[in-house]
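# Turn this into a structure:
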Amino acid sequence: MQITEKERVFKALSDYNRLMIMDMIKDKELCAMQILEQTKMGQSTLSHHMKILCDSGIVDSRKDSRWVYYKVNKDLAEEVGKSLTEWVKEK
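Now for the predicted structure:
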């Protein structure tokens, strides 16, 4: 059985730290250093969480010189939100 894009997103969002990161970048793009400063995580822990979020597609990243910047993929977030709303209405 192949995991779907939406399943990857829900799995990525099933962790408190990743939800906290999503809240930080929901309205603005932040670099990894800014996220580190606000979360008090270690660099390797943040890298682990950002890899999961980026691999799911719910977060986009871009490298600018030596910094990596992250932002929410609004299109996918809206699509997943609509799916969740439809699922709740069906139940």
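
# can you pull the buried residues of the top helix by length along the chain?
With DSSP state H setting the assignment, residue counts place helix 74-90 as the longest helix in the chain. By neighbour count on 16 or more other CB atoms under 10 Å, the buried set for helix 74-90 is 76-77, 80. Quick note: C-beta positions are derived from backbone N, CA and C, even for glycine.

# now the strands: where do they sit in the protein?
Assigned by DSSP state E, the strands in the chain fall at 30-31, 59-64, 67-72.

# Serialize the ones you listed to CSV and add fields for mean neighbour count.
Shown next, in CSV, are the strands of the chain (neighbours: other CB atoms under 10 Å):
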stretch, mean neighbour count
strand 30-31, 17
strand 59-64, 14
strand 67-72, 17
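
# And those: which comes nearest Ile3?
strand 59-64 (17.4 Å; CB to CB).

# List the contacts of the closest one.
Residues outside strand 59-64 that contact it (CB atoms under 8 Å, 6 or more residues apart in numbering): 21-22, 25, 50, 53-54, 68-73.

# go again using 6 Å as the cut-off
53-54, 68-71, 73 (CB atoms under 6 Å, 6 or more residues apart in numbering).
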